[in-house]
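Enquirer: predicted coordinates and the sequence they were generated for:
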Amino acid sequence: MARHKKNHTKRRHPSEGMKSAVAYTFASLFSKGLAFITVPIFTRIMSTSEMGTVNLYNSWQAMLTVVATLSLTYGGYMVALKEYQYERDQYESSVLTLTTFTAVIFFAVYSIAPDFWSRLLGLDKSLLVLMLVGFLLLPATEFWLARQRYEYKYKAATLVTIGSALLASAFSIYAVLYLQGSGKAAEGRLYANYIVLYAVAFVLWIYIMVRGRKFVSLRYWKFSLALSIPLIANQFATQILNNSGRVMIGWYVDNSAVGIYGTLSSVSTISAIIWSSINSSFVPFLYRNIDDPEGKKKVKDLSSILLLTYAVICVMITFLAPEVVRIIATNEYMAAIYIMPPISAAIFQNAISNMYANVLLYHKKSSYIMIASICGAILNIVLNIVLIPLFGYQAAAYSMLVAFIFLSYVQMHVSRKLHCSITHTNETVYDDRMIVLIQWVMIALSAVAIPLYDFIVIRYMAVCFLLVASLLLFRKSRSSM
């Protein structure tokens, strides 16, 4: 009876780790969801060209932040928090000094030829200054949030994440409405959004520096750079795969095309949030069972079920593209709904890559992930250079699809070869033939959606069938875990 009572008490009081994970997941989904929910507002109060400026700014910022922060805000930071368990304050202020130093270098390089950088990036000089300020301040927020997550201090972090997202969205909408028709709505939206984020980051920057009071430490810097520098190429290549299409559309077409492409691609990336949740749940299961003779079969079955479930979700979103676009955008965007199938298919290929990258990470072979990402990014750039001038901005979607298919096959081949070599077996982690079958059926169904956009009844029947199938697959995956 006492044991039952004790277990009941444990169930009623979840661990700090579990509460922290739930809180951070909710905060992340809330902020990403809020960004998507506000899209219908902005597409109705901003022109496609103004939307393009915002998309272009966000794309350049995502790519350049990796280099400007030396990738110090990524995975290596967590390792350092464990390594310097009793020196975290000092370590944190020291690496923040390092990112501040790199931000100052970026500002100096920009100051030499601001007109050149403005023409190259396709952004007004005022927006480039805004971006440079972000390189200086935003690492403080990233460092603080990462440490809060590491130490299971979720309350303040959740409040800051959700509060910042709400205020930034509210200020952005107000700024666009105030500047509507002035030609400065895009700049107003970006400044309003980032002023909120920078204000929070500035407070945290001061807090970290005052608490740590260790500004220069070659020991900390050497340790951090040894972990982060190998990640720069991988992170930069990943950002190129995700954002180079928008940047090159800006070069070869115009900002209006960037606005249309970026807005519609954001619809397709709804499924990426779903995959992030699926993958984060699958990874612990994979690592527990990858070397277990009885668990290997479960890994093969569950991985196929999860990918099949995700494929159904991606296809379902593709079939509903016309309705989704009518909700989030205006008629100006409807002519471009035909780029959603290849974008959705490309995002699914990335899920396959993640599956195989998980195996490489398990065997501590992350350098192979970096090499594959760089090759995929180069292929994407070359295809965009060739195809966008010939076929217009729609070609960027197909370039991304081809690049991600290439990446998925490289990851599959390398991960299979390394796993067999390390384990001295011919047994693969996943059912590769099934995954390839799911991959090409998904691509084919996405292509089928294009001619069916004019046939509402057929599409709705297909969506109902896919919905039932996804629910059945989800139940099966739950029972497998």
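Expert: Yes, it's here. The model shown is predicted, which means the values in this text are computed figures rather than measured ones.
Enquirer: domain ranges for this protein?
Expert: Domain ranges of the chain: 12-229, 269-480, per automatic domain parsing.
Enquirer: wait, which of those is closest to I240?
Expert: domain 269-480 (4.0 Å; C-beta to C-beta). C-betas here are computed from N, CA, C, even on glycine.
Enquirer: what about the helices in the stretch 151-300 of the chain?
Expert: For the stretch 151-300 of the chain, applying DSSP state H, counting those that start in this stretch gives helices covering 154-179, 185-212, 218-252, 255-268, 270-289, 295-319.
Enquirer: so which of these comes closest to P139?
Expert: Per C-beta to C-beta, nearest to P139 of the helices of the stretch 151-300 of the chain: helix 185-212, 8.1 Å.
Enquirer: the closest one vs helix 154-179, what angle?
Expert: Computed by axes from the mean of the first three to the mean of the last three C-alpha atoms, to 10 degrees, the angle separating helix 185-212 from helix 154-179 equals 150 degrees.
Enquirer: now do helix 185-212: which elements does it pack against?
Expert: Helices and strands touching helix 185-212, by 3 or more C-beta pairs under 8 Å, 6 or more residues apart in numbering; DSSP states H and E, are helix 48-68, helix 88-112, helix 125-150, helix 154-179.
Enquirer: could you identify which of the ones you listed is most buried?
Expert: helix 48-68 (a mean of 22; mean count of other C-beta atoms under 10 Å).
Enquirer: what helix or strand is Y398 on?
Expert: Counting by DSSP states H and E, the element that carries Y398 is helix 395-423.
Enquirer: next SSE after that helix?
Expert: Following helix 395-423 toward the C-terminus (DSSP H and E): helix 432-452.
Enquirer: hmm, who's touching that following helix?
Expert: Outside helix 432-452, the residues that touch it by C-beta atoms under 8 Å, 6 or more residues apart in numbering are 303-304, 307-308, 311, 314-315, 318-319, 321, 338, 341-342, 344-345, 348-349, 352, 355, 401, 405, 408, 412, 416, 458-459, 462.
Enquirer: which positions in the helix holding Y398 come out as buried?
Expert: Under the neighbour-count criterion of 16 or more other C-beta atoms under 10 Å, helix 395-423 has 395-412, 414-416, 419 buried.
Enquirer: what of stretch 240-247?
Expert: Buried residues in stretch 240-247 (16+ other C-beta under 10 Å): I240, L241, N242, N243, S244, G245, R246, V247.
Enquirer: quick check, the second one in contact with V402.
Expert: No. The criterion here is C-beta atoms under 8 Å, and L241 misses it with V402 at 11.2 Å.
Enquirer: what is in contact with these two at once?
Expert: Joint contacts of L241 and V402 (C-beta under 8 Å, 6+ apart) are N380.
Enquirer: tell me how many other residues surround Y86.
Expert: When neighbours are defined as other C-beta atoms under 10 Å, Y86 has 7 of them.
Enquirer: so which bits of stretch 277-295 are buried?
Expert: I278, N279, F282, F285, L286, N289, I290.
Enquirer: ok, so of these, who is nearest D454?
Expert: I278 (32.3 Å).
Enquirer: shouldn't that closest one be in contact with L308?
Expert: No. Judged on C-beta under 8 Å, I278 makes no contact with L308 at a distance of 11.5 Å.
Enquirer: and the residue nearest the centre of this structure?
Expert: Of all residues in the chain, the one closest to the mean position by C-alpha atoms, centre = their mean is A272, 7.6 Å from it.
Enquirer: quick one: contacts for that one?
Expert: Counting by C-beta under 8 Å, 6+ apart, A272 makes contact with I347, N350.
Enquirer: what separates the residue nearest to I270 when sequence neighbours are not counted from V267, distance-wise?
Expert: Computed as C-beta to C-beta, 6 or more residues apart in numbering, the closest residue to I270 that is not its neighbour in sequence is I317, at 6.3 Å. Separation of I317 from V267 (C-beta to C-beta, to the nearest Å) stands at 8 Å.
Enquirer: same deal with A62?
Expert: The gap separating A62 from V267 is 18 Å, by C-beta to C-beta.
Enquirer: for F465, same thing?
Expert: 22 Å.
Enquirer: the two - which one has more neighbours?
Expert: The neighbour count for F465 versus V267, taken as other C-beta under 10 Å, is higher for V267 (24 against 12).
Enquirer: how far away is the more buried one from I337?
Expert: Plainly put, V267 is 9 Å away from I337 if you go by C-beta to C-beta.
Enquirer: joint contacts of those two?
Expert: Shared contacts of V267 and I337, counting by C-beta under 8 Å, 6+ apart, come down to A321, V325.
Enquirer: how about low-confidence regions in the stretch 101-250 of the chain?
Expert: The stretch 101-250 of the chain contains no residues with pLDDT under 70.
Enquirer: the stretch 351-481 of the chain now?
Expert: 470, 473-481.
Enquirer: cutoff 80 now
Expert: Low-confidence segments of the stretch 351-481 of the chain, defined by pLDDT under 80, are located at 361, 364, 366-367, 462-463, 465-481.
Enquirer: and E16, what pLDDT?
Expert: Note for E16: predicted pLDDT of 55.
Enquirer: cool, H4 as well?
Expert: Looking at H4, the pLDDT reads 46.
Enquirer: what of Y91?
Expert: Reported pLDDT for Y91: 84.
Enquirer: distance of the residue nearest to Q148 when sequence neighbours are not counted relative to Y207?
Expert: Closest residue in space to Q148, ignoring its immediate chain neighbours: A157 at 4.0 Å, by C-beta to C-beta, 6+ apart. According to C-beta to C-beta, A157 and Y207 sit 13 Å apart.
Enquirer: please identify every residue contacting each of the two.
Expert: Residues within reach of A157 and of Y207 at once, by C-beta under 8 Å, 6+ apart, are W144.
Enquirer: L179 contacts A192, correct?
Expert: No. When contacts are counted by C-beta under 8 Å, L179 is not listed as touching A192 (9.4 Å).
Enquirer: any shared contact partners between the two?
Expert: Counting by C-beta under 8 Å, 6+ apart, nothing touches both L179 and A192.
Enquirer: CA atoms only: put stretch 222-241 into CSV for me.
Expert: Taking C-alpha atoms only, stretch 222-241 is exported to CSV below (Å, rounded to 0.1, in the frame of the first residue of the first chain):
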residue,chain,number,x,y,z
LYS,A,222,40.5,27.7,-27.1
PHE,A,223,38.1,25.1,-25.7
SER,A,224,35.0,26.7,-27.2
LEU,A,225,36.5,27.4,-30.6
ALA,A,226,37.7,23.8,-30.9
LEU,A,227,34.1,22.7,-30.5
SER,A,228,32.4,25.4,-32.5
ILE,A,229,34.6,26.0,-35.5
PRO,A,230,33.9,22.5,-37.1
LEU,A,231,30.2,23.4,-36.7
ILE,A,232,30.4,26.6,-38.7
ALA,A,233,30.7,25.0,-42.1
ASN,A,234,27.9,22.6,-41.3
GLN,A,235,25.5,25.2,-39.8
PHE,A,236,26.3,27.7,-42.7
ALA,A,237,25.7,25.0,-45.3
THR,A,238,22.4,24.1,-43.6
GLN,A,239,21.3,27.7,-43.7
ILE,A,240,22.3,27.9,-47.4
LEU,A,241,20.1,24.9,-48.1
